[in-house]
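K.L.:
below is the sequence, then the predicted model.
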Amino acid sequence: MSIRDVAFSYGKVRALAGVTLDIRAGEIVALLGPNGAGKSTLTHIMLGLLSPQAGRVSLFGASPEDAVAQGRVGVMLQDTGLMRYVTVRELVGLVAAQYGRAAGTGDILHEAGLTGLETRRVSRLSGGQRQRVKFALAIAGDPELLFLDEPTAALDVQARHAFWRDILARAGRGRTIVFATHYIEEAEAYANRIVVLRDGKVVADGPARQIMTRVSDVTIRFSTREAKEEELAKLPGIVRVDAGGAAAGHWELVTSDQDATLDALYGAGRSGISGLEISRTSLEDVLLALTKETGQ
Ligand SMILES: Nc1ncnc2c1ncn2[C@@H]1O[C@H](COP(=O)(O)OP(=O)(O)OP(=O)(O)O)[C@@H](O)[C@H]1O
């Protein structure tokens, strides 16, 4: 899949401001970004539901509309409704039949974690069970490219694990998966590539490890009754002082220069520092840093 310089505005609201991405077969790509960053707009463009106002998109060398019409693309969007008065098996079987896979309906139901719910009417399903039906419909044609918007929202822990097992197996068969999510830990654990959008632009693109090395900040936690916030804020390398637990003498410092900060912290002759903990910045912190420099 290739996306070149794609731009899109809703009237005066610029949702995408020149996005370029190449996604290869077998990749699991997580689209991350704050609310309004442009993830849904980009997904809609990749599916041919919106046309880019500038730039080009091609899936399997064709337009998104053609690739979708050829049954090569599966999709699970947040706001799609489902037929309510049919059973789970009838609905999934109907869609599987359109792809010539009616005989595989049982397997599809199994893969989507719907075994035991086959004869239940869709209107009687719980939120998480409906989500699994949407997934079943998305995979009914065993698509080469699968788009998932917040796929695990509403799924319980067990269903999440089963879902990701299925996704990893699919990618292992050369299927491509693109998913938008706000669950950073899922992106980190299962995507082999993370694309971060901010204000309609790609601000990071690569494996989680690579994105994390862009920020070398470290968090230092300790307890002391002798420190003052103004003093700590002046230590070398300090990015942020969190005085959240200061009443109890707990401090959290984020520094870009761990050695200099620790030298100064201890070198000032300060005693009574206890419970020192140093941790690498999490992917969540990195994403916050990457996406915070806007007013949105
Ligand atoms: N139909 C619309 N009309 C006008 N503006 C829109 C429309 N849809 C989206 N926008 C605006 O376009 C921008 C990008 O929205 P988009 O839905 O693509 O973001 P997102 O990253 O998917 O957000 P979220 O995480 O909240 O789902 C936002 O500023 C949004 O308000």
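P.N.:
Received it, and whenever you're ready, just let me know what you need.
K.L.:
helices or strands next to the lengthiest helix in the chain in the packing?
P.N.:
For the chain, the helix reaching the highest residue count under DSSP state H is reported as helix 157-172. With contacts defined as 3 or more C-beta pairs under 8 Å, 6 or more residues apart in numbering; DSSP states H and E, helix 157-172 has these neighbours: strand 28-32, helix 127-139, strand 176-180, helix 184-190. Glycine gets a C-beta too; all of them are placed from N, C-alpha and C.
K.L.:
now with 7 Å, please.
P.N.:
Helices and strands touching helix 157-172, by 3 or more C-beta pairs under 7 Å, 6 or more residues apart in numbering; DSSP states H and E, are helix 127-139, strand 176-180, helix 184-190.
K.L.:
so which bits of it are buried?
P.N.:
Within helix 157-172, the residues scored as buried using 16 or more other C-beta atoms under 10 Å are 159, 162-164, 166-167, 170-171.
K.L.:
now do that helix: distance to the chain's middle.
P.N.:
Offset of helix 157-172 from its chain centre (C-alpha atoms, centre = their mean, to the nearest Å): 15 Å.
K.L.:
ok, now stretch 251-262?
P.N.:
29 Å.
K.L.:
how about the helices and strands packed on helix 157-172 in CSV, adding mean pLDDT?
P.N.:
Shown next, in CSV, are these (pLDDT from 0 to 100):
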stretch, mean pLDDT
helix 127-139, 94
strand 176-180, 96
helix 184-190, 91
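K.L.:
and I45, which of those is closest to it?
P.N.:
For these, the distance to I45 is smallest for strand 176-180, at 12.0 Å, taking C-beta to C-beta.
K.L.:
ok, and what's touching the closest one?
P.N.:
Residues outside strand 176-180 that contact it (C-beta atoms under 7 Å, 6 or more residues apart in numbering) are 23, 25-31, 39, 43, 144-151, 167, 170-171.
K.L.:
just the buried ones out of the residues you listed, please.
P.N.:
The buried subset of those (16+ other C-beta under 10 Å) comprises 23, 27-31, 39, 43, 144-151, 167, 170-171.
K.L.:
can you narrow these to ones near the ligand?
P.N.:
K39 (C-beta under 6 Å from any ligand atom).
K.L.:
residue closest to the middle of this structure?
P.N.:
The centroid of the chain falls nearest to T181 when counting by C-alpha atoms, centre = their mean (3.1 Å).
K.L.:
which pLDDT value goes with that one?
P.N.:
pLDDT for T181: 91.
K.L.:
circling back: quick one, which of the helices and strands packed on helix 157-172 is packed in tightest?
P.N.:
strand 176-180 (a mean of 24; mean count of other C-beta atoms under 10 Å).
K.L.:
export the helices and strands packed on helix 157-172 to a markdown table and tack on distance to the ligand?
P.N.:
Listed next are these as a markdown table, based on distance: least, C-beta to the nearest ligand atom, whole Å:
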| stretch | distance to the ligand |
| --- | --- |
| helix 127-139 | 16 |
| strand 176-180 | 7 |
| helix 184-190 | 13 |
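K.L.:
next, format the ones you listed as JSON lines and append distance to D107.
P.N.:
Below are those laid out as JSON lines (distance: least, C-beta to C-beta, whole Å):
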{"stretch": "helix 127-139", "distance to D107": "10"}
{"stretch": "strand 176-180", "distance to D107": "19"}
{"stretch": "helix 184-190", "distance to D107": "22"}
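K.L.:
nearest to R56, of these?
P.N.:
That would be strand 176-180 among these, by C-beta to C-beta, at 17.5 Å.
K.L.:
the closest one versus strand 28-32: what angle between them?
P.N.:
20 degrees (axes from the mean of the first three to the mean of the last three C-alpha atoms, to 10 degrees).
K.L.:
pretty sure L59 sits against A69.
P.N.:
No - when contacts are counted by C-beta atoms under 7 Å, L59 is not listed as touching A69 (11.0 Å).
K.L.:
for the two, indicate the residue with more neighbours.
P.N.:
Comparing L59 with A69 by other C-beta atoms under 10 Å, the one with more neighbours is L59, at 24 against 12.
K.L.:
OK, contacts around the more buried one?
P.N.:
1, 67, 73, 145.
K.L.:
now it. Its backbone dihedrals?
P.N.:
phi -120, psi 120 (degrees, to the nearest 10).
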